[in-house]
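[1] no sequence on hand, only this structure:
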Ligand code: SIN
Ligand code: FE
């Protein structure tokens, strides 16, 4: 693959020794909205984990099998207790390898990161039916209805573990600021008291900031615009089996078109931990609106 959207790193271990210059270059590429692409970094399953490569482990209710927050309770899976404990151990191993990798590659982030969730995605992405808001085959930037970030960045690590050689096929869109310039004028403003009401009704786990409100508006309006989905600048990227990639998914427009079996780790990064905080969606939207948003 040769696309400027990718910053390719030829690492093949999760704990590489990198120079400060290489770490800074990786950080800058990520903050500029590029995807760190590690084609040779494989998340290897143990022999007894190969059997988890089946959609049968999904409970059919949610898209993914998840471990969330500090609680780390396995959700979205069905199976016997012993099997599910082994599946959870596989996910925890991925999570700890991601932490090791970030410590080696993006060390300045480490004191500013919190672990949000780990997921195993055993279902085929192509042809999945859902409402347009939940349809991740439409270009979007990530924003969470019930989990406001208050401006913090969404940093995600993916690894394709498909056993049949099937790539994870994404579309990746235009820079965040270009999308925001197009869609911000169409964003609905929050009505007075909306954040307080959503919190009181437990729709949100914390109060939804003006930033989170706008990010959700952008997420929904971009997904709803069929013309934009077809015509907006975009590239298809196939992430092959055995590859790992890292992306700020709140910044990079992405859509998952096909593929089955990926691991995914979500970390939240405080804007103050960035090398170039002005590139964050929070600061971009604050410049565009002329308002403090979080
Ligand atoms: C998404 O974050 O929208 C889906 C990415 C994927 O599962 O490949
Ligand atoms: Fe997404």
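    In hand now; what should we look at? Model, not experiment: these values are computed from the prediction. Residues are numbered from 1 along each chain as shown. Ligands and ions are numbered 1, 2, ... in the order given.
[2] please pick out the residue of the chain most distant from its centre.
    residue 192 (30.4 Å; C-alpha atoms, centre = their mean).
[3] from residue 213, how far out is it?
    Per C-beta to C-beta, to the nearest Å, residue 192 is found 12 Å from residue 213. Using the backbone N, CA and C atoms, a C-beta is placed for each residue, glycine as well.
[4] around ligand 1, pick out the residues from the stretch 151-294 of the chain.
    Residues of the stretch 151-294 of the chain lying near ligand 1 by C-beta under 6 Å from any ligand atom: 168, 249, 254, 256, 262.
[5] the fourth one reaches residue 137, doesn't it?
    Translated: residue 256. Yes: between residue 256 and residue 137 there is a contact under C-beta atoms under 8 Å: 6.3 Å.
[6] overlap in contacts, the two.
    The contact sets of residue 256 and residue 137 overlap at residue 125 (C-beta atoms under 8 Å, 6 or more residues apart in numbering).
[7] where does this protein have low pLDDT?
    Flagging of the chain using pLDDT under 70 yields the residue ranges 1-2.
[8] for the helix or strand residue 94 falls within, name the packing helices and strands.
    Per DSSP states H and E: residue 94 is located in helix 81-105. Applying 3 or more C-beta pairs under 8 Å, 6 or more residues apart in numbering; DSSP states H and E, we find helix 81-105 packed against strand 65-68, strand 74-75, strand 113-121, strand 153-160, strand 262-269.
[9] now do the buried residues in it.
    84, 86-88, 90-91, 93-95, 97-99, 101-102, 104-105 (16 or more other C-beta atoms under 10 Å).
[10] angle of that helix against strand 113-121?
    130 degrees (axes from the mean of the first three to the mean of the last three C-alpha atoms, to 10 degrees).
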